[in-house]
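Asks: 3D model of this:
(one chain, ligands or ions: 1)
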Amino acid sequence: MPTTATTRLHVIDSHTGGEPTRVVVTGWPDLGDGPLATRRERFDAEHAALRDAVVREPRGHDAMVGALLVPPDDPTACTGVVFFNNVGTLGMCGHGTMGLLTTLAYLGRIAPGRHRVDTPVGAVEAELLADGRTTVRNVASYRHAAGVELDVPGLGRVVGDVAWGGNWFFLVHDQHRRDLTVANVARLTDEAWAIRCALASAGVTGADGAEIDHVELTGPSADADARSFVLCPGKAYDRSPCGTGTSAALACHHAAGRLAVGRAWRQESVVGSVFEGVIERSEHGRVWPAITGRAFVTGEATLVLDPADPLCWGIGTDHAP
Ligand code: PYC
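Replies: Predicted structure coming up:
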């Protein structure tokens, strides 16, 4: 909620395969206690203005993912986190968890080794490796629906899978007509957005009517098992291969018999960065993926939110002071 007092937030920025994460270390109002899912609801209901001030222009930009540090509910976790973007909160975020562990190590709060992180969709284990990479052992992931046919205005018939990897994805495998390159990002964005709108119009959802808010287009890669373009909920594309999207892809390939437990899978992003994934366990149609990538700290700052600034709460927002 906007305030008339100046707010100062200590943040640490990093990128993981090109995708930024802004960890909010201090300065955010208390979200209370209880399960992270409840605190996410409180964040959604009461903190949209702060969210926009942190990740939108002029302080941020649409691709930026925020990570608010909160005390964990799970006593075995080293921290709790609520991930957020330019339009809301995320259940889980793979690249963001890598950025989070790298940031906690930068702050001297953790050493290499295994750490539990409490998120709104459950605790995940993340391992900071001695070489600086992070392996995220993500929530159980699964293919929810296979071969879903959609009529997409401007694109015609598109077939894809609906899968959960900590967020909901519609994955169009290997049949995308455009090269998944940075040069094509504008067209890929338009097409993925058209697919997302068609999903909503056709009433295609995840489990329990959950909105599918990520679209993942995959194609061949010269250097990895697949290349992907992932469109995030606020229409920004993921510069990284997307940890939750790679988890959803692994679940689909496993369900289709294309990927065995224990077989390494390298997923390349549209900018050429790579995550390594592997299914560590599979049970009753669910898989437990481990995704490895590397984050680098890029900055440390105090954000100053002066309510006298007419653009304090972000360009294009209507939060009143
Ligand atoms: O890495 O899981 C991810 C992610 C989700 C949205 C942006 N990145």
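Asks: Are stretch 85-104 and the ligand in contact anywhere?
Replies: Yes: part of stretch 85-104 sits near the ligand under the criterion Cβ under 6 Å from any ligand atom, namely Leu90, Cys93, Gly94, His95. Using the backbone N, CA and C atoms, a C-beta is placed for each residue, glycine as well.
Asks: buried stuff in that stretch?
Replies: By neighbour count on 16 or more other Cβ atoms under 10 Å, the buried set for stretch 85-104 is 85-87, 89-104.
Asks: Next step: those residues restricted to helices.
Replies: The subset of the buried residues of stretch 85-104 located in helices under the criterion DSSP state H comprises Gly94, His95, Gly96, Thr97, Met98, Gly99, Leu100, Leu101, Thr102, Thr103, Leu104.
Asks: Just flag the most distant two among those residues.
Replies: Based on Cβ to Cβ, the longest span within those runs between Gly94 and Leu104 and measures 16.0 Å.
Asks: What segments of this protein are helices?
Replies: Using DSSP H, helices in the chain cover 36-46, 48-55, 94-106, 185-202, 243-255.
Asks: among those, which is nearest Phe296?
Replies: Relative to Phe296, the nearest member of the helices of the chain by Cβ to Cβ is helix 94-106, separated by 6.9 Å.
Asks: Can you check what angle separates that closest one from helix 243-255?
Replies: For the pair helix 94-106 and helix 243-255, the angle between their directions (axes from the mean of the first three to the mean of the last three Cα atoms, to 10 degrees) equals 130 degrees.
Asks: next one: helix 94-106 to chain centre, how far?
Replies: Here the centre of mass of C-alpha atoms in helix 94-106, compared against the chain's by Cα atoms, centre = their mean, to the nearest Å, lies 13 Å away.
Asks: Could you identify which of the helices of the chain is most buried?
Replies: Neighbour counts averaged per stretch over the helices of the chain are highest for helix 243-255, at a mean of 29; criterion: mean count of other Cβ atoms under 10 Å.
Asks: As CSV, could you dump the C-alpha coordinates of it?
Replies: Extracted in CSV, the C-alpha atoms of helix 243-255 (Å, rounded to 0.1, in the frame of the first residue of the first chain):
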residue,chain,number,x,y,z
GLY,A,243,13.8,-23.3,-14.3
THR,A,244,10.1,-24.0,-13.8
GLY,A,245,9.6,-24.2,-17.6
THR,A,246,12.5,-26.7,-17.9
SER,A,247,10.9,-28.7,-15.1
ALA,A,248,7.6,-28.7,-17.0
ALA,A,249,9.4,-29.7,-20.2
LEU,A,250,11.1,-32.6,-18.4
ALA,A,251,7.8,-33.8,-17.1
CYS,A,252,6.3,-33.7,-20.6
HIS,A,253,9.2,-35.6,-22.2
HIS,A,254,9.1,-38.2,-19.5
ALA,A,255,5.4,-38.7,-19.8
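Asks: just checking, what packs against the lengthiest strand in the chain?
Replies: With residue count as the measure and DSSP state E as the assignment, the chain has strand 286-305 as its longest strand. Strand 286-305 sits against strand 7-16, helix 48-55, helix 94-106, strand 133-137, helix 243-255, strand 274-283, with contacts defined as 3 or more Cβ pairs under 8 Å, 6 or more residues apart in numbering; DSSP states H and E.
Asks: With distance to Pro112 as added columns, please give these in JSON lines.
Replies: Formatted as JSON lines, the entries for the helices and strands packed on strand 286-305 read as follows, by distance: least, Cβ to Cβ, whole Å:
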{"stretch": "strand 7-16", "distance to Pro112": "17"}
{"stretch": "helix 48-55", "distance to Pro112": "29"}
{"stretch": "helix 94-106", "distance to Pro112": "8"}
{"stretch": "strand 133-137", "distance to Pro112": "10"}
{"stretch": "helix 243-255", "distance to Pro112": "19"}
{"stretch": "strand 274-283", "distance to Pro112": "17"}
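Asks: Thank you kindly, that will do.
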